[in-house]
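Undergrad: Following is a predicted model, sequence given first.
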Amino acid sequence: MAPERDPTEAEIGAQALRGLLDVDSLRSAAWLAGFAGGALLILTALVAWLGTAETRLDSYWLGWATAPALLAAFGGPVLGRRLLSRHSVARWRMFVTAVMALSSAAWAFALAVSMTFDPLEGRLLAIVCLALAISLLPNLSSVSCLITQLLVQLAFALGLVFVSGQPLQELILAAGVWGALALLAGMAALYARRIQLTAADLHYQRFEASELQRRLDDDEARLREAEGRRVTLEAELAEILNLAEDASRAKTEFLATMSHEIRTPLNGILPILEMLRDTPLNGEQQKFVRTAQSSSRHLLRIINDILDFAKVESGKLQLETIEIDVRELVNSVTELMSGSARNRNLKLSTNVTASVPQVVRGDPIRLRQVLINLVSNAIKFTEEGGIRVEVSRGQTSQKEVELLFAVADTGVGMSPETADRLFQSFTQADASTTRKHGGTGLGLVICKRLVELMGGKIGVRSTLGQGSIFWFLVPLRKSVMEVPSARRNLNGIRILSLVPDERIAEQVSVMLQEWGIDEETTQEPDDAIAKLHSTAMLGESWTYELALIDGTGIEHRLPGLLAEIRSVDSLKRMHVLISVRSETLAHKLKRDYGVLIVGEILRPEPLRRILHRLFDVEMRQFGNVDPRADEIYDDLNVSSLSLDIGGEPQAPTSGEFSGQVLLVEDNPVNLGVVRKALSKLGLSCATATDGKEALLQFGKQRFDLIFMDCQMPVMDGYEATHKIRRIENADGLPPTPIIAMTANAMAGDREKCINSGMDDYLPKPVSLERLRSCIASWLTTTDRLPQRAPLEVPPLKQRRTEGKPVLDEKVLRELREIMDDDYIGLLRTYLRNAPQLLEQARSAIEQADIAALVNPVHSLKSSSANVGAMELSELAREAERQARQGDLAAAGVTFEAVEVAFIKAEAALKELVAGYSPA
């Protein structure tokens, strides 16, 4: 863009001239003047031809005055436009000056002569001259000096009149005419100045418009040029892309074809070498065979890598989704690679955390392939030390769970720059790697593509000289039987009922339908098997979720019936609920086929509770459930867990069950409560205070049922359960039912317990009814003994704070029913242990150790609820929640309230102990 500048005088003049010539009225006046001038010229010629000498003088003057008018009228516009195109304002001024000089001289002469004529004629002539002069002013305004020139000439003529001795009145008239001319001259000068300013402004606008237009034209030209280049480049790029895709497709198809063709004869060579090795050979021949086998296997691995890479690149690799036993998969990989590790004197270990579900759904072949590749690389690049394979659980959703696989080694490690290149095709750490360790450089690329195909991601963390950790995170579908239903009722659950008795079958059908269950009833075992198998063939959405069997009268057929049911893969994990009277048969069916045992099939409440627990249905319709049940924590107290249908809960009956139970609990108060409750229910109870001690107990004897606390020192319940399951698998033992017993009732805690290998979930504090119902799901009942009258409970003075009792009388009454004479001993134990927990919590807060705060407030929460100190339990629960969230400041404030609540509860309990007298 050219820089802006001020217009020159020539440009302003040209603009003024352009404005003058573009005025339509001025153009019309010019043509009118030309017409009048022409008429006067003809008249002059006629007068000169006909007239005398005096008239000839007049005609000469008329010609003199007419000629400039004609010249200005016809020549001015044409010459002006021609000169205007070259900004030749000076030449235009010369033309106008010459014309106006002639015209003004003629009219000045006429004005002077008119003063000598008759007064009337002179005045008329003077007025005509003045009018003609005024009509010429617009023509003169574009050239300022012409106005001055005209005025000077007219003033000169008037001056002649002043000195000619004319009468006074003539002189006054002449002076008046002169004054009028002077006024008109001033007005013309102002008009000329205005035209010049307008001309300058128009010039600026024209100049700016021309610059903008020029820039617009330049931009349009550049845009058209860029658009042309873009279209050309897009066409070239599309052509190149098509060529590249064709080349890549051809390369991939070639690799796949060649890999397959080479692999086919190798699959014939390897078996022949295997058979040859087993024939009688001398030492040298054996060496030759081993060399051929090793080389063939190595070549086959390379071909498999190339084939897998080609499949992934071509998009022909398809993933399957089937059940995967995670621990079995990891163990199979380590067993496969253990020989290679031993050959290099390396230790190969695994660790699958307890939170990892036992079974997931995905592609086991590809998961195994990725894991083998990573472990193989770790062994290859590790000279001493060992390799560790770890599996942990990441985020989980309603139907999916993320598993994190990590392979850590103590090998050579690598720099960050080298690590960045590892997952590129045909790339290894450096050129010497191929020479030293072999390989195509495709292994990690294939791993990356497979993991991405499964919707996950893969990476590495490494330090040069210290080792590497290769990891991959993949989302896998939860097992069908482990997906939480999140039901609020039993509506839509598909159940097949096998009830031989027609009357009972009808009652069962009506009962299940009233609960909203989609049920089908049959009386024939063969028909039940046919229905189960046929629906299983139709797919998951048609398969029954539970089989309810009344074994009365068909006890001899139950083992065969269950064997046929479990023979179908999709029915192996289906819930089967059986009602049998024989304890021996019940134990055998539970052990061999994993069924659940129920007492009487027509008892609606126990059956409905079992169904709610199996299908994870909220228990709102049972008893007085705390309205806070929807909060993150669900620490329901004993009274709210009891079935409050029809009045006060029944006192427990001793001898209701039989069997050996292991109770694992680190809190002595909780241990005493549950142990006494189990004893009242007729169960023999062994105890352990941590997971490690539980393993020792489990190694000494078999148990019918295990109650496992989740949070314990030394070894928690999750790890203990995991180890118990491993012992059972290794020894071929039937699984022992393990019931999670924890004060944690957050969303997901139940799933965490089930995923760790536990069978059921019992939140603390434990009520006798909830405990009885849970045990009934796993153990058979004995004949009921006569109910024993409860002990008399002395009146309890309630101390209330903000409308809440310090101690819950209902909880204490049930505690007394459970504990009998040990009731006061339990309260004394609590009063002895609770201050220690408070001291531990206070110390953790003072040391800002948020992790150390969790355990004491957790124990205080559950033990306080067991002795009825509900306000204290709720405050301890809140302090635990804040500690788990890492909010030390909030937990400290809440703990101060905990200490105040304990002072109140302690006083009330001491008063209760002091006033107690057994009945």
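TA: Nice, thanks for sending it over.

Undergrad: next SSE after the host helix or strand of Ile504?
TA: Following DSSP states H and E, one finds Ile504 within helix 502-514. Counting by DSSP H and E, the next helix or strand C-terminal to helix 502-514 is strand 518-522.

Undergrad: Need the mean per-residue confidence for the helix or strand just after that following strand.
TA: Using DSSP H and E, the helix or strand that follows strand 518-522 in sequence is helix 525-538. The average pLDDT within helix 525-538 is 86.

Undergrad: helices or strands next to the helix holding Ile504 in the packing?
TA: Counting contacts by 3 or more C-beta pairs under 8 Å, 6 or more residues apart in numbering; DSSP states H and E, helix 502-514 packs against strand 494-498, strand 518-522, strand 546-550. Glycine gets a C-beta too; all of them are placed from N, C-alpha and C.

Undergrad: Show me what the second one is packed against.
TA: The helices and strands touching strand 518-522, judged by 3+ C-beta pairs under 8 Å, 6+ apart, are strand 494-498, helix 502-514, helix 525-538.

Undergrad: buried sites along the shortest one?
TA: For strand 494-498, burial by neighbour count (16 or more other C-beta atoms under 10 Å) applies to Ile495, Leu496, Ser497, Leu498.

Undergrad: Just the CA trace of that strand, in PDB.
TA: Output in PDB follows, covering the C-alpha atoms of strand 494-498 (Å, rounded to 0.1, in the frame of the first residue of the first chain):
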ATOM      1  CA  ARG A 494     -36.200 -64.600  35.700                       C
ATOM      2  CA  ILE A 495     -36.600 -67.700  38.000                       C
ATOM      3  CA  LEU A 496     -37.500 -71.300  37.200                       C
ATOM      4  CA  SER A 497     -39.100 -73.200  40.000                       C
ATOM      5  CA  LEU A 498     -39.000 -77.000  40.300                       C
END
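
Undergrad: residues making contact with it?
TA: 505, 508-509, 512, 517-525, 528, 531-532, 543-550 (C-beta atoms under 8 Å, 6 or more residues apart in numbering).

Undergrad: Kindly recompute the last result at 6 Å.
TA: Defining contact as C-beta atoms under 6 Å, 6 or more residues apart in numbering, one finds that strand 494-498 is touched by 508, 517-522, 528, 531, 544-549.

Undergrad: Now do the helix holding Ile504, average pLDDT.
TA: What helix 502-514 shows for mean pLDDT is 86.

Undergrad: again, but for stretch 752-768
TA: Mean predicted confidence for stretch 752-768 is 75.

Undergrad: tell me which element Asp592 falls in.
TA: Assigned by DSSP H and E, Asp592 falls in helix 583-593.

Undergrad: Please identify the buried residues of that helix?
TA: By 16+ other C-beta under 10 Å, the buried positions in helix 583-593 come out as Leu585, Ala586, His587, Leu589, Lys590, Tyr593.

Undergrad: is it possible to export those residues to TSV including distance to Cys447 and pLDDT?
TA: Output for the buried residues of helix 583-593, formatted as TSV (distance: C-beta to C-beta, whole Å; pLDDT from 0 to 100):
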residue	distance to Cys447	pLDDT
Leu585	51	79
Ala586	49	77
His587	48	73
Leu589	45	83
Lys590	43	79
Tyr593	40	84
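
Undergrad: of all these, which comes closest to Thr198?
TA: Tyr593 (109.1 Å; C-beta to C-beta).

Undergrad: Skipping adjacent residues, who's closest to the closest one in space?
TA: In this structure, Tyr593 finds its nearest non-sequential neighbour in Leu562, 4.2 Å apart by C-beta to C-beta, 6 or more residues apart in numbering.

Undergrad: before we move on, which element is the one you found in?
TA: Element membership for Leu562 (DSSP H and E) is helix 558-566.

Undergrad: Mean confidence (pLDDT) on that helix, please.
TA: Per-residue scores along helix 558-566 average to 88.

Undergrad: Just give the number of residues close to Leu273.
TA: Using other C-beta atoms under 10 Å, Leu273 has 19 neighbouring residues.

Undergrad: From Ser295, how far off is it?
TA: Separation of Leu273 from Ser295 (C-beta to C-beta, to the nearest Å) stands at 10 Å.
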